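Asker: Give me a 3D structure for the following:
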Amino acid sequence: MKLGMACLAGLLFGLGLSLGGMTQPAVVLGFLDIFGNWNPRLLFVMAGAVLTTAIGYRWVWGRARPWFESEFRLPATRQIDSRLVLGAALFGIGWGIAGYCPGPALASLGSGLVPVATLVATMVLGWWLAARLPAPAKPTT
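Answerer: Modelled structure (predicted):
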């Protein structure tokens, strides 16, 4: 049941990305081109996502526990460190160059385009490499 719900959520997410035009790099790059031919479409997609998330979080946090887990699992740290900043910078640079972030890239795999498959393959390689980097030392109290 848990896997089925995860697949359904992923399908719904991919469909939303497709309907919002986020699987088209020109839409994303047009949004980032604020001094040229600016396209506000991504702004409306983001606003819809923030609104949906705000409503969803209020609903979910009202529950004692998640539907398919025994407890909520939250990140252990809120610290902003060099790994977070570097990762965010690499994400932004890659997004600006390719016009894809991970969700739309995965949703676009069905297009059969070689550049999309190459992007996803290198993205997976990056995840694999990042998982093998040594974890930062935990601060002592």
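Asker: who are the neighbours in contact with the closest residue to Phe13 other than its chain neighbours?
Answerer: Spatial nearest neighbour of Phe13, excluding adjacent residues (Cβ to Cβ, 6 or more residues apart in numbering): Gly103 at 6.4 Å. Any C-beta I mention is one placed from the backbone N, CA and C, and that applies to glycine too. The neighbours of Gly103, taking Cβ atoms under 8 Å, 6 or more residues apart in numbering as the test, are Phe13, Gly14, Leu17, Met22.
Asker: residue contacts, the second one?
Answerer: If I follow you right, that is Gly14. For Gly14, the contact set (Cβ under 8 Å, 6+ apart) comprises Gly103, Leu106, Ala107.
Asker: could you say which helix or strand contains it?
Answerer: For Gly14, the host element (DSSP states H and E) is helix 2-19.
Asker: Which stretches in this protein count as helices?
Answerer: 2-19, 25-32, 41-60, 82-98, 102-107, 114-131 (DSSP state H).
Asker: JSON lines for those helices, including mean pLDDT?
Answerer: Formatted as JSON lines, the helices of the chain follow (pLDDT from 0 to 100):
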{"stretch": "helix 2-19", "mean pLDDT": "89"}
{"stretch": "helix 25-32", "mean pLDDT": "89"}
{"stretch": "helix 41-60", "mean pLDDT": "92"}
{"stretch": "helix 82-98", "mean pLDDT": "88"}
{"stretch": "helix 102-107", "mean pLDDT": "88"}
{"stretch": "helix 114-131", "mean pLDDT": "90"}
